[in-house]
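Undergrad: Need a 3D model of the following:
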Amino acid sequence: MALHLAFEQHSKQTGRPIFYVDSLDDLICSASFIHRQGDKGELTKGPGGRLFDFLTTPYAEGCEPLIIINYAHFMPDDIVRFNSLLDDKRAADGTSISSTFKIMGLIDVNNPDCYQGQDFYSRLNKVEACPLSADSLAAAGAEPPLFAADASEEVPTHTISLYQGIDWKEQLLGHWMVDGEHLTFKKGKLIEALEQGHTAIALHEAPWDNPQFKHFWQQAAIRGGIGEGEGSMELPENFRLFKREGYDWAKLAQNVVIDNTASVPDGATLNPACSYAFLAQYICNNETRSLHMLPGKLEEAAGQLLHVNLTRDLNKDDWARLLDECQKHQVKLVVHAPPSIELSASLFEHTQTLPIAVDSPELPDSVHTQVIESTEVDTTVAMLTRDEPFLVIDISECGAHQLLTQVSGAYDASQQRLVFKETVGAVLTALAEGKNVILKGTFSPAKGEPSLKAWVEDSSDKLKVLFIDEANIGSRQWSEFEGLFNSPPSILIDGKIHMLTPEHKVIFAGNPLSYGQGRSLPSLFKRHGNSLVFDPLPPAFIYEVLLKPVFANTPLAEDAEVISSVILSVYERLGTYTSHEVLISPRELQMMALLVLSHCAKQPDANPQEMAAHYAYQLAAPLVPAQHRADFVRDFTPTVHLQREHDANKLNKPSGFLMTPSREPLVAALEDRLALRELRAQVSRGFK
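TA: Numbering: from 1, shown residues only. Predicted coordinates:
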């Protein structure tokens, strides 16, 4: 970022237009965008947006606008996606870039995640180290002259509280809001303060440690303004920023009282996930497919008591924002918090318990909601469902939106507007139908399978089998399939419970855990078992189906049996080392054969049998259990060392790669894979 700021300063001094790309969003030109007119906005079909405007603005002759791209936030796939920026005929997301524009990419080679592939470097006609000294960079990255000393009582300042929020930019500059079919821009606190003539601003509880936040003000100091396009605004010459930290908890606590005795049936629920509703709310109209703004719960209760049931404590910043809003609307917050919730000490050490009279409600005789702790969940569920029917839903890997309500939005190109739809989740639907519901498990959202819904909605009488491969790779627990063990079986998809038939079957497939690479045993399999473990394939089958076809119609066709016998001898030996797991897969055996074929294609004089011994040993040795390593090494170490001829020109360009003995195995493995890839591209038939 410091290097970017240095170029910003230089561009300002020379009058050179500059555009800074810090994320993928900054490169989008083709998508629909919001055309702003005052505080109103209209969704307009692309191309458009900030970069489009920069690229299509007419500049004076001789001007060389500069685009700086910070690749630190780009993944390799992102770089490939926008490769057109560096083509001979350059374009940004479909918008052509004039030859007068200069594009500069910034990378941090000290970052271990920095992509330094040659396919990227080769597209830039000049690659050089940072031209600025460490001192120059440090000066560029220092606090800008906007910052002043900590605000004191003698300095007249306007305070803006940011509550350490990740939405600091929206709080400062403003944001778009959807209201019906209209888009309205709500000005940020900083914009309003500047319009009111304030020149000394105290930023209270701002995210000073956030590099993006600091960069925002550094850029503002250089440019002498904030924002982009119509939302931009110049900073006064005497503009100064001050820092303020800490909350006045004694003052904030005047708006809250605590009741540790009971919850209120009609009280609003308060926890980190739903605290936003106390500040602003939306309601979705499914008939018009539009969202409408509503006052937050605190504004609705202006001048009154508001009872809330605290189910999980808020952090200090969220409490401060909430209680500031209480002061604004003169709301006294009565927080019903059970003793099991540890409240924020910084706030509640200033709070008295029940400083005003509050009637403790009586719980009804029949408690409709219970929390049951059990060490035997399945047994408990069986006992509860023995005498009366319950809908049992495993909520593990579910999001709250699947159980309660969800508002989804999309862009309707025909109407050129955003459309919304609210759907009711499985729990609320079941309760509305008068059903008893048991929720078990823990919340942990997961992605669904694309083919899952089609399988569920298949109403035919035939056997319906859902096959899920590589089911034990990753952290997926497949707990949504717990409903298969209900009676009748069911499954939760997109917030809706689907009842299944006996013809609905699921097959999970996966390689042994010993193969590693992130494989684990999901909880569904641990709890219910029913696994079918296949015995290792017989050597004759592997030879006829997997190995022999590799050499068909090649110069090694007559040597197929000899080569395969070497590979299969290794396979059979590994089979004797264990009786409860598979140490090597057919895929690895076929790879041995493919590498022999590839190597002999490049070096026709090589001995195929010796090559088979070499590659069989290289691929199998890492799979041998430690207690059998000496036995395997003794019997299968190749007697002939594989001779290689490296292309020195390829190795030494463009990075000056130096071949050393320690790098030899790595280079050999890489050359083998590249040679195999080249061979596959040359032949008319593919290998599986």
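Undergrad: Confirm for me that I28 is in contact with G49.
TA: Yes: if you go by C-beta atoms under 8 Å, I28 and G49 touch, sitting 6.1 Å apart. Using the backbone N, CA and C atoms, a C-beta is placed for each residue, glycine as well.
Undergrad: Looking at these two, which has the bigger crowd around it?
TA: Using other C-beta atoms under 10 Å as the criterion, I28 and G49 rank with G49 on top: 25 against 22.
Undergrad: Could you list the low-pLDDT ranges of the stretch 401-550 of the chain?
TA: 443-450, 514-515 (pLDDT under 70).
Undergrad: how about the strands in it?
TA: For the stretch 401-550 of the chain, applying DSSP state E, counting those that start in this stretch gives strands covering 405-412, 417-424, 437-440, 464-468, 490-493, 496-499, 504-508.
Undergrad: Now mean neighbour count and distance to L323 too, for the ones you listed, in TSV please.
TA: What follows is the strands of the stretch 401-550 of the chain, written out as TSV (neighbours: other C-beta atoms under 10 Å; distance: least, C-beta to C-beta, whole Å):
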stretch	mean neighbour count	distance to L323
strand 405-412	13	27
strand 417-424	16	30
strand 437-440	17	32
strand 464-468	15	49
strand 490-493	21	38
strand 496-499	16	39
strand 504-508	16	50
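Undergrad: For W455, which of those is the nearest?
TA: strand 464-468 (4.4 Å; C-beta to C-beta).
Undergrad: Sheet-wise, list the partners of the closest one with their directions.
TA: strand 504-508 (parallel) (DSSP bridges).
Undergrad: For K189, see how far away the residue nearest to L583 when sequence neighbours are not counted is.
TA: Leaving out its chain neighbours, the residue that sits closest to L583 by C-beta to C-beta, 6 or more residues apart in numbering is L574, at 4.5 Å. Here the criterion is C-beta to C-beta, to the nearest Å. By it, L574 lies 68 Å from K189.
Undergrad: again, but for G197
TA: From G197 to K189 the distance is 15 Å (C-beta to C-beta).
Undergrad: which of the two has more neighbours?
TA: A count of neighbours by other C-beta under 10 Å puts K189 above the other of G197 and K189, at 19 against 8.
Undergrad: before we move on, back to that, quick one: the strands of the stretch 401-550 of the chain as a markdown table, columns for distance to I258 too.
TA: Listed next are the strands of the stretch 401-550 of the chain as a markdown table, based on distance: least, C-beta to C-beta, whole Å:
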| stretch | distance to I258 |
| --- | --- |
| strand 405-412 | 30 |
| strand 417-424 | 34 |
| strand 437-440 | 29 |
| strand 464-468 | 49 |
| strand 490-493 | 37 |
| strand 496-499 | 39 |
| strand 504-508 | 49 |
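Undergrad: wait, which of the ones you listed is closest to Q590?
TA: Here strand 464-468 is closest among the strands of the stretch 401-550 of the chain (C-beta to C-beta), at 22.2 Å.
Undergrad: Show me how far the longest helix along the chain is from its chain's centre.
TA: Criterion DSSP state H: the longest helix present in the chain is helix 664-682. Relative to its chain's centre, helix 664-682 lies at 33 Å (C-alpha atoms, centre = their mean, to the nearest Å).
Undergrad: Where does T269 sit: helix, strand or coil?
TA: Under DSSP: H, G, I helix; E, B strand; the rest coil, the three-state class of T269 is strand.
Undergrad: Quick check, it in contact with N309.
TA: Yes: T269 lies in contact with N309 (C-beta under 8 Å); the separation is 5.5 Å.
Undergrad: When the two are compared, which one has more neighbours?
TA: Neighbours per residue (other C-beta under 10 Å) separate T269 from N309, with N309 holding more: 20 against 14.
Undergrad: so what's that one bridging to?
TA: Where N309 sits in a bridge, its partners, by DSSP bridges, are T269, H336.
Undergrad: what's it in contact with, if anything?
TA: Each residue near N309 by C-beta atoms under 8 Å, 6 or more residues apart in numbering is listed here: S263, V264, G267, A268, T269, L270, H336.
Undergrad: repeat for R223
TA: If you count contacts by C-beta under 8 Å, 6+ apart, then R223 has E8, K12 around it.
Undergrad: Could you check how far it is from Q9?
TA: 10 Å.
Undergrad: ok, now Q196?
TA: Between Q196 and Q9 the distance is 30 Å, computed by C-beta to C-beta.
Undergrad: Give me the more crowded residue out of the two.
TA: Between Q196 and Q9, Q9 has the larger neighbour count (other C-beta under 10 Å), namely 16 against 8.
Undergrad: leaving aside the residues next to it on the chain, what's closest to the more buried one?
TA: Closest residue in space to Q9, ignoring its immediate chain neighbours: I222 at 5.4 Å, by C-beta to C-beta, 6+ apart.
Undergrad: how about the helix or strand hosting that neighbour: buried residues?
TA: Following DSSP states H and E, one finds I222 within helix 211-223. Neighbour counts over helix 211-223 (16 or more other C-beta atoms under 10 Å) mark F213, K214, H215, F216, W217, Q218, Q219, A220, A221, I222, R223 as buried.
Undergrad: likewise stretch 613-622?
TA: A613, H614, Y615, A616, Y617, Q618, L619, A620.
Undergrad: got a list of contacts for that stretch?
TA: Residues outside stretch 613-622 that contact it (C-beta under 8 Å, 6+ apart) are 566-567, 569-570, 574, 584, 588, 591-592, 595-596, 599, 629, 632-633, 636-640, 642, 669, 672.
Undergrad: ok, which stretches of the stretch 201-350 of the chain are strands?
TA: In the stretch 201-350 of the chain, the strands defined using DSSP E, counting those that start in this stretch lie at 225-226, 233-234, 240-244, 256-259, 268-270, 280-285, 290-295, 305-310, 332-336.
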